[in-house]
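>>> predicted model follows, preceded by the sequence.
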Amino acid sequence: MTTRRAFLRAAFAAGALAVPSLGRARTAPRSSSALRVLILGGTGFLGPHLVHELVRRAHAVSILTRGRREPALYEADFAGVEQLTGDRSQPDGLAALRGRTWDIVIETSGYQHTWTRDSAGAVRGRAERYLYVSSTGVYWPYRTVEIAEDGPVPLRDEPPQPQPSYGVMKALSENEVRNAFGTGAIVVRPGYIVGPGDTSDRWTYWPVRIARGGEILVAGRKDDRVQYIDVRDLAAWLVGLLAAGATGTFNAVGPARPQTLEEFVYGVAANTAAPLSWTWIEDYAWLKQYPLRKNPDGTSEGMIYSIPWVMAEGDDLGHQRIDGRKALAAGLTLRPLADTARDTLQWRASDTVPPALRERPRYVLTAEQERAILDAWKRRGWGRAARRFSRAAPARPRSRRAPSASPPARPSSAPAPRGARTRAHRRPP
């Protein structure tokens, strides 16, 4: 039996997939316009791509990390990077920054708004601008569509929580940067960041699954909107913003024109010649009822997302309807979907993927879960067809003759129902 990893490696060996360049940047000569940049973080997902772009454009780079993780991409670019050590969760975590100055500080690793408050305060007066990488999650709940930068941003949770939710934490962190840097603050709110190096396995599910071919489940309505941004496009644009002297708040989402879920999956499929077919489940009610996962409290969660698709209703109505025109006007350029899908697929089969992730993928569905959903959906179809037949069949006239010894045969064109349809059977398994 061919494994997923073996399949992908065979595809690369055959030349079916292009290999993206993830080597050392070709560095331009440093000029008087070169910036001195400090990155808080730098070895996660976005960080290595930022370092690559900064080094490529001959800027001087320092990074502050806990020193516990090596970058998985562009390792050679880090040879010329100043590496400072500090844990921002600790009282002395910013000691390495004392007495130092930079032109720009970029924060990519903000997980507590107090960390941002302390970091912005520590470099205030010793850096001209501070770029905070936030999230479109600040707009949650997304109860409207085409949400622009001046859209509603909640600053507290309802009901209150012991620790702020992700979106509220990001919103509070944004304000800490604005309070410390005023007009020198830059806040960028990306949507789902995708591409090589994405260990969340969310968006990555689609290139990997589609490359395998066969019958593919697609949950969601064909005209549902999807949004995402390639990490390399985001990094290149952020560095360009810094060089241009920009400040302010920006949503960073793609594609440049609205894209539907149908366009997305067909666009990803352009990279494979594997035989495949699509089974669409557009029924929101059924998807919500299907018991895909068990929650700690014993309740179940349905199939309500498969990034970049999110069920577009209620608090998630505008989740994938963020207005990105301001960033596009400020120079954001986005590569074709096929390029992102191809390069992500190549990365996911490479040795740069963490061993634990290679052994235990984090995809939204396993092959077994996908098959179970498809089977449940088809069983539902059999039941509906049987009920339609029973309603459409003409009433049998009463005969004056003695009843036949055997019942009449069922017409061959009518699908046979699979067992009695009681109320309990009307829900998917």
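That came through fine. As the structure is a prediction and not an experimental result, all values here were calculated from the model.

>>> contact partners for the closest residue to Ala252 other than its chain neighbours?
Ranked by C-beta to C-beta, 6 or more residues apart in numbering and with sequence neighbours excluded, the top spatial neighbour of Ala252 is Pro190, at 4.3 Å. C-betas here are computed from N, CA, C, even on glycine. By C-beta atoms under 8 Å, 6 or more residues apart in numbering, the residues touching Pro190 are 133-136, 229, 234, 252-253.

>>> could those residues go into JSON lines alongside secondary structure, distance to Pro159 and pLDDT?
Below are those laid out as JSON lines (DSSP: H, G, I helix; E, B strand; the rest coil; distance: C-beta to C-beta, whole Å; pLDDT from 0 to 100):
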{"residue": "Val133", "secondary structure": "strand", "distance to Pro159": "28", "pLDDT": "98"}
{"residue": "Ser134", "secondary structure": "coil", "distance to Pro159": "24", "pLDDT": "98"}
{"residue": "Ser135", "secondary structure": "coil", "distance to Pro159": "22", "pLDDT": "98"}
{"residue": "Thr136", "secondary structure": "helix", "distance to Pro159": "23", "pLDDT": "98"}
{"residue": "Ile229", "secondary structure": "strand", "distance to Pro159": "32", "pLDDT": "98"}
{"residue": "Leu234", "secondary structure": "helix", "distance to Pro159": "34", "pLDDT": "98"}
{"residue": "Ala252", "secondary structure": "strand", "distance to Pro159": "31", "pLDDT": "98"}
{"residue": "Val253", "secondary structure": "coil", "distance to Pro159": "29", "pLDDT": "98"}
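
>>> kindly write the PyMOL command that selects the buried subset of these.
Buried residues among those (16 or more other C-beta atoms under 10 Å), as a PyMOL selection:
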select buried, resi 133+134+135+136+229+234+252+253
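
>>> now the contacts of Pro190 as CSV including distance to Val123?
Output for those, formatted as CSV (distance: C-beta to C-beta, whole Å):
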residue, distance to Val123
Val133, 16
Ser134, 18
Ser135, 22
Thr136, 26
Ile229, 27
Leu234, 23
Ala252, 23
Val253, 28
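
>>> tell me the mean pLDDT over stretch 45-54?
When pLDDT is averaged over stretch 45-54, the result is 97.

>>> only C-alpha atoms, please: export that stretch in CSV.
Extracted C-alpha coordinates of stretch 45-54, given in CSV (Å, rounded to 0.1, in the frame of the first residue of the first chain):
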residue,chain,number,x,y,z
PHE,A,45,6.2,30.4,10.6
LEU,A,46,6.3,34.1,9.5
GLY,A,47,9.7,34.9,11.0
PRO,A,48,12.0,33.0,8.7
HIS,A,49,10.3,34.5,5.6
LEU,A,50,10.7,37.9,7.1
VAL,A,51,14.4,37.3,7.8
HIS,A,52,14.8,36.1,4.2
GLU,A,53,13.2,39.2,2.7
LEU,A,54,15.1,41.6,5.0
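
>>> now it, how far from the chain's geometric center?
Centre-to-centre, stretch 45-54 and its host chain are 18 Å apart (C-alpha atoms, centre = their mean, to the nearest Å).
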